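A.B. asks: Pasting the sequence and the predicted model now:
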Protein chains: 2
Amino acid sequence: MNQSNQEIHRAVIIGGIHGDELTGVYITKLFEQNPHLIQRPSFETLTLLGNPKAFAEGRRYIHHDLNRVNMDDLQNLELRSNEDRQARLIIEILKPKNNSQTSIFVDLHSTTANMGLTLILIKLDPFLLQLAAYLSSINPLVKVLYIQSDEEDSFLISQCELGFAVEVGSVPQGVLSADLFQKTEKLIYEILDYVEAFNQGSISLKNDTLTLYQHVGTIDYPRNEHGEIQAMIHPNLQFKDYEPLNPGQPIFLTFEGKTITYEGKSTVYPVFINEAAYYEKGVAVCLTEKQQISV
Amino acid sequence: MNQSNQEIHRAVIIGGIHGDELTGVYITKLFEQNPHLIQRPSFETLTLLGNPKAFAEGRRYIHHDLNRVNMDDLQNLELRSNEDRQARLIIEILKPKNNSQTSIFVDLHSTTANMGLTLILIKLDPFLLQLAAYLSSINPLVKVLYIQSDEEDSFLISQCELGFAVEVGSVPQGVLSADLFQKTEKLIYEILDYVEAFNQGSISLKNDTLTLYQHVGTIDYPRNEHGEIQAMIHPNLQFKDYEPLNPGQPIFLTFEGKTITYEGKSTVYPVFINEAAYYEKGVAVCLTEKQQISV
């Protein structure tokens, strides 16, 4: 079902690629101390803390965003920032030991947006789509976000055939939500159990449907000529990730109290609404289109 | 009503003493661009961005916490960290121009804890108590937290006769909540209007009561021998700031899923529950006792 349709030999679970997203950090610590939780008979599971130095300092990154490195630049070994070094280490770990080995890579993130348990796919791999359809069928909190990748793609999940991210929220950076921790932990067991069942041949191809939210663009905050933001996410939109936003509905509220409406031509489904780390990236919301697809 | 019982000549409003607490930062920007909003006939109002460099970098501080400086150390002019310099600047601004001048100082903060609109007092000044009683009588979101100060006190509000903090939440660091922004803005107008009425002599001493939450201690996260935390705030306690916590009730949940209960001897009222910035300070919750006092 994965493109080579072969058994999966390894699962790699990484938390804390952003050092202040604590859910993933402490889940990998839990698994390091209790490896039986993630052991399954037919494959091995590795865990890794993605950016230990950023975690120690309570920051997203030290020099630059580890999940936005330019893969070509990494060839230049003179680039030795903390994140360049960590990216090379993670890519080395993700590399298959030989051509016949297949790994699945689960990259754990958290967000201040109300995105529940979001699976982020960057390619429509049949195995990952079946997995996503299964997980969203058993848990209504699971949503599936598709961000189409291109060659310049800089997410670390692009470095693994079966790589995807789990984005949980809302939770502030630097904070542990026990509720989301336990929901994420349970989701990981469901993923590992699915892989085990797949390897055992006990999952049959189903003609199933999946609700996919496809990323189609972003909207920045209104800014003045100095780049300073002039408005906030409107209270009506706050925490409404994955809900429809229609033309004419409020999107921003200026500091002076004036409402700014969404001026697009059709209904969209915003996500990453008011994500703390995206202020500096010029992103107030990401827009998606909702699709039903057969998998 | 303040200890010298004299007219108030000046209000100083500072936001962003912690650079990632955006509510205060953008409220001071709003006031800078619209000074008429904070002008009142009988006194002047100043606004200031507390830690511009930390704000520019999206961090609480650059070198150390600006709201925890040792005032004696500041005399040593060889200490020139970003926060040492900012602290000296703020203290200079707070200094009365002559002995007969009285200032009120409003220090704007935000928290990931669910603390509504909390006024933090570090001394029981009669004027501030009357102000607090008034504000909490017109708005149920307003709570009054008393943290007894001593000579070693390092909050910047200690440097002004009528200094107090406004702590709003819950909101993640690095995020603007339009709802809390507008509530904070309204609270500031109510404070300024009260000062104006006081100066005009139109506030009479009332024999009023006030609910005061007095800080009596803190509890740290359970940690292992390496200082790593071993548990999270229990879901039953999360967002329950100012609600009673009785002995035997859940306070933490370990990563393995075991509940840890509160083992104190009497009912307390926790605040700053799961505040992001306090993980590094060894504080999971602050405990308070609830009191009714006459003001």
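C.D. replies: Perfect, thanks for sending it. Keep in mind the model is a prediction, meaning the values are calculated, not measured. Numbering: from 1, shown residues only, chains lettered A, B, ... in the order given.
A.B. asks: so where's the longest helix in chain A?
C.D. replies: When chain A is parsed with DSSP state H, its longest helix is helix A:178-199.
A.B. asks: Tell me the residues on chain A that lie near chain B, please.
C.D. replies: A:26-27, A:29-30, A:34, A:58-59, A:112, A:170-179, A:181-182, A:228-229, A:232-235, A:238, A:253, A:255-257, A:274, A:276-277, A:279-280 (C-beta under 8 Å from any C-beta of the partner chain). In short, each C-beta sits where N, CA and C put it, glycine included.
A.B. asks: one step back: counting by contacts, list what the longest helix of chain A packs against.
C.D. replies: The contact analysis (3 or more C-beta pairs under 8 Å, 6 or more residues apart in numbering or on different chains; DSSP states H and E) places helix A:178-199 against strand A:10-15, helix A:22-33, strand A:103-110, strand A:116-121, helix A:126-138, strand A:162-169, strand B:231-233.
A.B. asks: what's near enough to touch the residue nearest in space to the middle of chain A?
C.D. replies: The centre of chain A sits closest to residue A:165, judged by C-alpha atoms, centre = their mean, with a distance of 3.3 Å. Taking C-beta atoms under 8 Å, 6 or more residues apart in numbering or on different chains, we find residue A:165 in contact with A:106, A:107, A:108, A:109, A:119, A:120, A:155, A:157.
A.B. asks: same check, this time on residue A:182
C.D. replies: Neighbour list for residue A:182: residue B:257 [criterion: C-beta under 8 Å, 6+ apart].
A.B. asks: For residue A:290, list each beta-bridge partner.
C.D. replies: residue A:213 (DSSP bridges).
A.B. asks: That one contacts residue A:269, correct?
C.D. replies: Yes: taking contacts as C-beta atoms under 8 Å, residue A:290 lies within contact range of residue A:269: 5.0 Å.
A.B. asks: Mind listing the shared neighbours of these two?
C.D. replies: Joint contacts of residue A:290 and residue A:269 (C-beta under 8 Å, 6+ apart) are A:213, A:244.
A.B. asks: which of the two has more neighbours?
C.D. replies: A count of neighbours by other C-beta atoms under 10 Å in any protein chain shown puts residue A:269 above the other of residue A:290 and residue A:269, at 20 against 14.
A.B. asks: OK, contacts around that one?
C.D. replies: Counting by C-beta under 8 Å, 6+ apart, residue A:269 touches A:213, A:242, A:243, A:244, A:245, A:287, A:288, A:289, A:290.
A.B. asks: Quick check on residue A:220: phi, psi?
C.D. replies: phi -90, psi 160 (degrees, to the nearest 10).
A.B. asks: Just want the angle from the helix or strand harbouring residue A:288 to helix A:126-138.
C.D. replies: Take DSSP states H and E as the rule and residue A:288 turns out to sit in strand A:285-294. Relative orientation of strand A:285-294 versus helix A:126-138 (axes from the mean of the first three to the mean of the last three C-alpha atoms, to 10 degrees): 100 degrees.
A.B. asks: and for strand A:285-294, what are the contacting residues?
C.D. replies: A:129, A:145, A:207-219, A:233, A:237, A:244-245, A:251, A:264, A:268-274.
A.B. asks: returning to what we had before: looking at the helices and strands packed on helix A:178-199, which is closest to residue B:87?
C.D. replies: Ranking the helices and strands packed on helix A:178-199 by their distance to residue B:87 (criterion: C-beta to C-beta) puts helix A:22-33 first, at 29.7 Å.
A.B. asks: which parts of the closest one are buried?
C.D. replies: Within helix A:22-33, the residues that count as buried by 16 or more other C-beta atoms under 10 Å in any protein chain shown are A:22, A:23, A:24, A:25, A:26, A:27, A:28, A:29, A:30, A:31.
A.B. asks: Quick check: of these, which lies closest to chain B?
C.D. replies: Distance to chain B across the buried residues of helix A:22-33 (C-beta to the nearest C-beta) is lowest for residue A:30, with 4.4 Å.
A.B. asks: In contact with the closest residue to the closest one other than its chain neighbours, which residues?
C.D. replies: Residue nearest to residue A:30 in three dimensions, not counting chain neighbours: residue B:255, with 4.4 Å by C-beta to C-beta, 6 or more residues apart in numbering or on different chains. Residues in contact with residue B:255, defined by C-beta under 8 Å, 6+ apart, are A:26, A:27, A:29, A:30, A:181, B:230, B:231, B:232.
A.B. asks: I'd say residue A:90 and residue A:48 touch.
C.D. replies: Yes: Residue A:90 lies in contact with residue A:48 (C-beta under 8 Å); the separation is 7.1 Å.
A.B. asks: More neighbours: these two, which one.
C.D. replies: residue A:90 (24 against 18).
A.B. asks: For that one, give me the pLDDT.
C.D. replies: pLDDT, residue A:90: 95.
A.B. asks: Please report phi then psi for it.
C.D. replies: When quoted as degrees, to the nearest 10, the phi and psi of residue A:90 stand at phi -70, psi -40.
A.B. asks: Leaving out the residues flanking it, which one is nearest to it?
C.D. replies: Excluding its sequence neighbours, the residue lying closest to residue A:90 (C-beta to C-beta, 6+ apart) is residue A:156, at 5.7 Å.
A.B. asks: Could you do residue A:199 as well?
C.D. replies: Using C-beta to C-beta, 6+ apart and skipping the chain neighbours, the partner closest in space to residue A:199 is residue A:42 (3.9 Å).
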